[in-house]
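> this is a predicted model, with the sequence first.
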There are 2 protein chains.
Amino acid sequence: MSEVAIVGASMTQFGERDAWVSELLAEAGAACLRDAGVAPDAVEHLYVSNMASGEFEGQTGVQQMLAHDLGVLPAYTERVDGTSAAGGAGIHAAWQSVASGASDVSLLVGGEKMTHRSTGEASDIIASLTHPVEYRTGVTLPSFAGLAARRYFAEYDAPREALAGVAVKNHGNAVDNPHAQFQTEIDRETALESPMVADPLRLYDYCPITDGSAALLFCTEELAREYADTYVTVPGVGGATDTHVVHEREDPTTMGAVVESGRRAYEMADIGPDDVDVAELHDMVTILEWLLYEDLGFAEKGTAWRDTEAGVTARDGDLPVNTSGGLKAKGHPLGASGVAQGYELYRQLTGEAGPRQVDADVGLATNVGGFGNCVTTAVMEVSRDA
Amino acid sequence: MSEVAIVGASMTQFGERDAWVSELLAEAGAACLRDAGVAPDAVEHLYVSNMASGEFEGQTGVQQMLAHDLGVLPAYTERVDGTSAAGGAGIHAAWQSVASGASDVSLLVGGEKMTHRSTGEASDIIASLTHPVEYRTGVTLPSFAGLAARRYFAEYDAPREALAGVAVKNHGNAVDNPHAQFQTEIDRETALESPMVADPLRLYDYCPITDGSAALLFCTEELAREYADTYVTVPGVGGATDTHVVHEREDPTTMGAVVESGRRAYEMADIGPDDVDVAELHDMVTILEWLLYEDLGFAEKGTAWRDTEAGVTARDGDLPVNTSGGLKAKGHPLGASGVAQGYELYRQLTGEAGPRQVDADVGLATNVGGFGNCVTTAVMEVSRDA
């Protein structure tokens, strides 16, 4: 198995964009090749992470259009969908492409265009990923989060105010991320007084609907040494599923697919939670940052809130989480989000994160499809020995 | 790199099915596991080839639902889309999963549910894969085929009647395929007198709209030796793109992506066209069987028709093509079609093809996305030395 490396990364401005997904993908893809200093004709495989361009825009085949637009022909291409973890699924796919020897250079571009649809329409497209029995009864992803949060607060001694601290932290980080959708600080009062969505969760607990794209350039470590002095390797990837109907799970405050995907990624990378210096965790909703933090072994069950309160997950803490602003403040363009997590780790690990730079050699990203229905985790590590 | 093997295969009845795609996928997936004699909990990765369940049914996340329905949790899953070559893309993905060492056992299930929509609606969903400039001017995939056929007949001395021979041959093969949509023979007159679709191509030159699913179980060759006495290896896969706007291509009678995907697959497998004993070629329309046959090196440009006329591609010929009945008569449920090509090769190579059995050790399948916008080729070889 070849060691797999990343030698370039990009993301577009996230937010409301006056462009089709094909244009966003092309923008990120071209920027990634420029960032890596790699010519289009070096690309052998092109992976496009996208959940629903057909549903959002009536346009399919976006991966084939992108291959043309980027000038990477005759590179092989496919679209990879892991619902809201399509980006993480793309990291899996590009990793496997290089690790298997099928390609030496694979470009991954993730993106979604959502804001031209009403919130109701966009929410309905997203809700189509749930089991019909859930969809028909109106138990959507935001409401599952409310149920999980309620159970969490009933089970553990976490104060409701502490959860607002996740939103405050991630908004604070996004202030220093020029690509984030919301580059504005908020305070706890704002979060706690925002409109109720799914009791006890309020508007500021949830990520927005977003347009955007992000890209990563994967290659063999041998080529990475030629392309760059400093690059990132991907020593571990792991993905796992949980029941597709959420009510079949034993404990709503644990996501089995997060536990298992983390276990697989740690095992492949031969590391443990203690080795991770920086993490991007799928905070589609604030409570998920705590659930993932615990399920990945960064804290005992029911204690993540203490690390939020103590500043452990802040930018100057021991384990900064969502330095990018997270899905909460950076935005969540489905197919782009997992790739943008990789973008943030790449910038942090190579020391190019500017005002939001932290000290880190090993990073971890966890991307959640559905309400933990399928989850991907990737471990990345900087290599400065080139 | 591990050698990649296939130890089980299945396909559902193709045609008009009174079932959702999730049910078709579950039917094929469960049958494949039974065929292989492998328990669900051995499956580590699950790939689902599907182009457009969201557009056809308003249901996304079908891969996560299937993981649940098949009982393969916590297997990692993703959906793979290569438009009309989604099945071939799935073969790529499952191959890379095993070859990279990310999994030892990967189940691939492809499927599409289409016939509940009107022909106009279904055609519109398929047409959404073309470039907007083509879509808006009404140059659809069937019309591109007409243009290519017209050019082919102008360029080479092939008689129009010979093209009807492709439809007659493939319908004849489908008579012996109990899963085929049309198990009826036709004669040349019927084909040549059927309604005009895109001059010079008529109704019987085109594949139907179809519901169906197919599955293949991939594993390491080491495991294959444990699971089966006779199994199939996949020594080569290759994929490639061509321009997304068809009018930019130099020669409409050559598909560059077929040439390149074939070249890559042959090179990886270390074989040439002469080594192939049986082939499944993407005959979405009859003329494509000739174009692919030539672009893959089985005949000189402009001469494929001679092999059809001489019976070389018939079941008792030197290189039987589309023994399954092909997309033409077996049916073309987008995401299933490439996987079903693999099903046919598996049955032929392992000697389980019943009344349509041919003598073959090496098989090749080529699956076409769009009008050659992205193409996948896979080489399979029987191993009886277990």
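Cool, got the structure. Remember, predicted model here, so these are calculated numbers, not experimental data.
> which residue is it, in the stretch 201-350 of chain A, that comes closest to chain B?
residue A:239 (3.2 Å; C-beta to the nearest C-beta). Backbone N, C-alpha and C define where each C-beta goes, glycine included.
> quick check: what element follows the strand or helix carrying that residue along the chain?
For residue A:239, the host element (DSSP states H and E) is strand A:231-241. Sequence order places helix A:256-269 as the next helix or strand after strand A:231-241, per DSSP H and E.
> so for that following helix, mean pLDDT?
Mean pLDDT, computed over helix A:256-269, is 98.
> close to chain B, is it?
Yes. Applying C-beta under 8 Å from any C-beta of the partner chain, one finds helix A:256-269 in contact with chain B at A:256, A:257, A:260, A:261, A:264.
> can you tell me which of those residues is closest to residue A:135?
Checking the residues of helix A:256-269 next to chain B against residue A:135 by C-beta to C-beta gives residue A:257 as the nearest, at 19.7 Å.
> from residue B:255, how far off is the closest one?
Distance, residue A:257 to residue B:255, using C-beta to C-beta, to the nearest Å: 41 Å.
> how long is stretch A:282-301 end to end?
18 Å (C-alpha to C-alpha, to the nearest Å).
> any part of it near chain B?
No. Shown here: stretch A:282-301 not in contact with chain B (C-beta under 8 Å from any C-beta), separated by at least 12.7 Å.
> one step back: which of the residues of helix A:256-269 next to chain B count as buried?
Taking 16 or more other C-beta atoms under 10 Å in any protein chain shown as the criterion, what is buried in these is A:256, A:257, A:260, A:261, A:264.
> in CSV: the residues you listed, plus distance to residue B:366.
Output for these, formatted as CSV (distance: C-beta to C-beta, whole Å):
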residue, distance to residue B:366
A:256, 40
A:257, 36
A:260, 37
A:261, 35
A:264, 34
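> residue A:229: how many residues sit nearby?
Residues lying near residue A:229 (other C-beta atoms under 10 Å in any protein chain shown) number 10.
> how about residue A:129?
Other residues close to residue A:129 by other C-beta under 10 Å number 30.
> need phi/psi at it.
Main-chain torsions, residue A:129, degrees, to the nearest 10: phi -80, psi -20.
> and the residue sitting nearest the centre point of chain A, helix, strand or coil?
Central residue check for chain A by C-alpha atoms, centre = their mean: the C-alpha nearest the mean position is that of residue A:338, 2.9 Å away. When classified by DSSP: H, G, I helix; E, B strand; the rest coil, residue A:338 comes out as helix.
> pretty sure it contacts residue A:111?
No. Counting by C-beta atoms under 8 Å, residue A:338 stays clear of residue A:111, with 11.3 Å between them.
> which stretch of helix or strand covers the closest residue to residue A:108 other than its chain neighbours?
Distance criterion C-beta to C-beta, 6 or more residues apart in numbering or on different chains; nearest residue to residue A:108, sequence neighbours excluded, is residue A:94 at 4.2 Å. Under the criterion of DSSP H and E, residue A:94 resides in helix A:86-99.
> which neighbouring elements make contact with the next helix or strand after that helix?
Per DSSP H and E, the first helix or strand lying C-terminal to helix A:86-99 is strand A:105-112. Contacts defined by 3 or more C-beta pairs under 8 Å, 6 or more residues apart in numbering or on different chains; DSSP states H and E place strand A:105-112 against helix A:21-36, strand A:45-49, helix A:86-99, strand A:212-220, helix A:334-349.
> I'd like the next helix or strand past the second one.
Read that as strand A:45-49. Counting by DSSP H and E, what follows strand A:45-49 is helix A:53-57.
> what comes up buried for that following helix?
A:53, A:54, A:55, A:56, A:57.
> and stretch A:370-381, by the same measure?
By 16+ other C-beta under 10 Å, the buried positions in stretch A:370-381 come out as A:370, A:371, A:372, A:373, A:374, A:375, A:376, A:377, A:378, A:379, A:380, A:381.
> relative to chain B, how far out is the closest residue to residue A:178 other than its chain neighbours?
In space, and not counting its chain neighbours, residue A:178 is closest to residue A:13: 7.9 Å by C-beta to C-beta, 6+ apart. Distance of residue A:13 to chain B, given as C-beta to the nearest C-beta, to the nearest Å: 23 Å.
> so who does residue A:13 touch?
Counting by C-beta atoms under 8 Å, 6 or more residues apart in numbering or on different chains, residue A:13 touches A:178, A:179, A:212.
> that one - that's part of a strand, no?
No. Read with three-state DSSP, residue A:13 is coil and lies in no strand.
> pull the distance from stretch A:361-370 to the chain's centre.
6 Å (C-alpha atoms, centre = their mean, to the nearest Å).
> and chain A, what are its domain boundaries?
Domains of chain A are assigned by automatic domain parsing as A:4-117+A:210-233, A:131-208+A:236-381.
> which of those sits most buried?
domain A:4-117+A:210-233 (a mean of 25; mean count of other C-beta atoms under 10 Å in any protein chain shown).
> okay, residue A:1: pLDDT?
pLDDT, residue A:1: 48.
> my read: residue A:237 touches residue B:102, true?
Yes. Judged on C-beta under 8 Å, residue A:237 makes contact with residue B:102 at a distance of 6.9 Å.
> mutual contacts of these two, please.
Counting by C-beta under 8 Å, 6+ apart, the residues touching both residue A:237 and residue B:102 are A:92, A:95.
> tell me the SS of residue A:379?
Put simply, residue A:379 is strand when judged by three-state DSSP.
> now do it, the pLDDT please.
98.
> give me the helices and strands touching the strand holding residue A:239, please.
Helices and strands touching strand A:231-241, as assessed by 3+ C-beta pairs under 8 Å, 6+ apart, comprise strand A:4-11, helix A:86-99, helix A:221-227, helix A:256-269, helix A:334-349, strand A:374-383, helix B:62-70, strand B:76-81.
> give the rounded mean pLDDT of that strand.
Throughout strand A:231-241, pLDDT has a mean value of 98.
> pLDDT below threshold where in chain A?
Along chain A, segments meeting pLDDT under 70 span A:1-2, A:386.
> can we see that at 50?
A:1 (pLDDT under 50).
> coming back round to it: need the helices and strands packed on strand A:105-112 in CSV (columns: distance to residue A:8).
Conversion of the helices and strands packed on strand A:105-112 to CSV gives the following (distance: least, C-beta to C-beta, whole Å):
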stretch, distance to residue A:8
helix A:21-36, 3
strand A:45-49, 14
helix A:86-99, 12
strand A:212-220, 4
helix A:334-349, 8
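> between these, which one is nearest to residue B:226?
Going by C-beta to C-beta, the one of these nearest residue B:226 is helix A:86-99, 23.3 Å.
> relative to strand B:45-49, how tilted is that closest one?
Angle, helix A:86-99 to strand B:45-49, by axes from the mean of the first three to the mean of the last three C-alpha atoms, to 10 degrees: 110 degrees.
> save the buried residues of helix A:53-57 as JSON lines, and put in distance to residue B:126 too.
Listed next are the buried residues of helix A:53-57 as JSON lines, based on distance: C-beta to C-beta, whole Å:
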{"residue": "A:53", "distance to residue B:126": "15"}
{"residue": "A:54", "distance to residue B:126": "11"}
{"residue": "A:55", "distance to residue B:126": "15"}
{"residue": "A:56", "distance to residue B:126": "18"}
{"residue": "A:57", "distance to residue B:126": "16"}
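> among those, which are within reach of chain B?
Counting by C-beta under 8 Å from any C-beta, the subset of these that neighbours chain B consists of A:54, A:55.
> just give me the closest of the buried residues of helix A:53-57 to residue B:279.
residue A:54 (31.1 Å).
> and residue A:383, how far from chain B?
From residue A:383 to chain B the distance is 20 Å (C-beta to the nearest C-beta).
> isn't that residue up against residue A:233?
Yes. Applying C-beta under 8 Å as the test, residue A:383 and residue A:233 come out as touching, 5.5 Å apart.
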